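> With the input below, show me the fold.
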Amino acid sequence: MMNKKILLIVFFISAFVHAQENWNEQIDSKFIEVLNTHREFVSIPNIPADVKDMFSNISWVKNKYGNVGFQLKTLETSTLPVLFAEKFISPKLKTILFYFHLDGQAVDPTSWDQEDPFIPVLKKQVLSGNMKEIPWSELQNNIDDDWRIYGRSSADDKAPILMFLSAMELLQKQQIKPSFNIKIIFDLEEEYGSNGFLSTLKKYKDNYESDYMIIMDGPAHSSNQPTLTFGCRGIASCSITTYGSKLPQHSGHYGNYVANPVFGLSRLLSSMKSEDGKVLIEDYYKGISIEKEVSDILKSVPENKKQINDALGIFKEEKVGNNYQESLQYPTLNVRQIGTSWKGQELKTIIPEYATAHIDVRLVEETDGKIQLEKIKKHIQKQGYLVLDREPTDQERLSNGNIVTFKGNSGVNAFRTPLHDPFGLKLRNSLTNFFGKEPVSIRTMGGTVPIIPAINELDIPAIIVPMVNMDNNQHNPNENIRIGNIRQGIKICLALLKTDF
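Below you'll find the model as predicted:
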């Protein structure tokens, strides 16, 4: 009996290994075709200001996704349309809503190391460490996973769209159906705030109705291992303005007589944070605790403090969290810019009329933007300041020495799906089975995605599955995708599509 059990286990292991090898072989068999299709896709400019180009992108996606069984239509919005795709398998199956975006950041061709950011080029690293352009015909030889394709949106977000399409083509060739019904949103303005898509949430809520949501955007962990990101931080902002005299004054005539508002602003800002980076505002971290189970998951992310600090060129890190991942679990208080009443380029010997600090606050699931801004405002009042939402009058200037103008925007709150939500567990198990190793689980990514209001409005568990290389120069000149990430991304998509929910 025992021998039979052992034979059965060996059989299943062998079958599993063979299945994985078969998918690798299938990906390899069409990989040149995939890379050429990616090249074709990236060659279509995708800046939303050019509506004709955006409709060319819509036509391309409609054609390709229509060939693998999707029904596609455009949904009217307040600006550019949303392209919506649907593939129905069975009423007995769950439905997953996928999110991609078709638009890209604006380009300055003079800043790129190629003639045209929308004419993709293939490059490899040479001994000097620099990237050298190589002919596309090199794809006919042995393809190196570390070669890269350079072009605007080569990574963000056309690579994931191509990866998912390629996985669907492989399933279709094998006559295998996905394990769930699929809906897809192709957003045409994600880089510019997703205003069009967000305007459709109530009107087309029935179209978007699903059991779960997967967002295919952003970079994977720097280790390039398959990654699941369970949430991202929100963002609020405010400005704090302190005042001197009602007009700028000559520092020779009035130095030592008229107070410089920059010093008042600096004292106010320094009262808000300790030297080790912790926010001193009352109850700023209220409601946040890192339980041991969560701490263990945060520690499991493969990161090295020394490597991070060396790469950043910093002597030491702030002490808000015990490690990098833990630091992302708390709201931030960041001064992003400081300005005075003098706007000219040349230096002048003046005492400015006012000084303004522009602040952003990254929010976590436990915090609300409006409440956090109110805590900042109350802290300023406790320092003895009259807090206004406008410029002070002459009478207010004469009757109060400490005046601040505070203006806030509560922005968008964070979202986070629990790490042990059944949806996340299914995805984690599926990726583990496909790759033989657990994916990196990121509880909260540091940045903010503009579609958070959609996640909150649709009220379904959402997880980000990022697949492109971390060093892709996203939004910047010389954006690129590592070829190995395309190969791995197709396999990640196959793992997702074969997940039984």
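
> Quick one: residues contacting K348.
Residues near K348 by CB atoms under 8 Å, 6 or more residues apart in numbering: W342. (Each C-beta comes from the backbone N, C-alpha and C, glycine too.)

> backbone phi and psi for H250, please?
phi -70, psi 130 (degrees, to the nearest 10).

> so what's the closest residue to I452 other than its chain neighbours bridging to?
Of all residues not flanking I452 in the chain, V412 sits nearest, at 4.9 Å (CB to CB, 6 or more residues apart in numbering). Assessed by DSSP bridges, V412 has beta-bridge partners I235.

> Share the number of residues neighbouring V412, please.
Applying other CB atoms under 10 Å, we find 19 residues neighbouring V412.

> measure it to E457 for me?
11 Å (CB to CB, to the nearest Å).

> Distance from stretch 155-174 to the middle of the chain?
20 Å (CA atoms, centre = their mean, to the nearest Å).

> Could you export that stretch as PDB, keeping only the C-alpha atoms?
Extracted C-alpha coordinates of stretch 155-174, given in PDB (Å, rounded to 0.1, in the frame of the first residue of the first chain):
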ATOM      1  CA  ALA A 155       6.900  48.700 -19.600                       C
ATOM      2  CA  ASP A 156       4.200  51.000 -18.300                       C
ATOM      3  CA  ASP A 157       1.700  49.600 -19.200                       C
ATOM      4  CA  LYS A 158       1.900  48.000 -22.600                       C
ATOM      5  CA  ALA A 159       4.100  45.200 -21.500                       C
ATOM      6  CA  PRO A 160       1.400  43.700 -19.100                       C
ATOM      7  CA  ILE A 161      -1.200  44.100 -21.800                       C
ATOM      8  CA  LEU A 162       1.000  42.100 -24.100                       C
ATOM      9  CA  MET A 163       1.800  39.500 -21.500                       C
ATOM     10  CA  PHE A 164      -1.800  38.800 -20.700                       C
ATOM     11  CA  LEU A 165      -2.700  38.600 -24.400                       C
ATOM     12  CA  SER A 166       0.200  36.100 -25.000                       C
ATOM     13  CA  ALA A 167      -1.000  33.900 -22.100                       C
ATOM     14  CA  MET A 168      -4.600  34.000 -23.600                       C
ATOM     15  CA  GLU A 169      -3.200  33.000 -27.000                       C
ATOM     16  CA  LEU A 170      -1.300  30.000 -25.400                       C
ATOM     17  CA  LEU A 171      -4.400  28.800 -23.700                       C
ATOM     18  CA  GLN A 172      -6.400  29.100 -26.900                       C
ATOM     19  CA  LYS A 173      -3.800  27.100 -28.800                       C
ATOM     20  CA  GLN A 174      -4.100  24.400 -26.200                       C
END
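
> Can you tell me the element the nearest residue to Q174 once chain neighbours are set aside falls in?
Of all residues not flanking Q174 in the chain, Q26 sits nearest, at 7.5 Å (CB to CB, 6+ apart). Using DSSP states H and E, Q26 sits in helix 2-29.

> Now stretch 390-407: buried residues?
392, 403-406 (16 or more other CB atoms under 10 Å).
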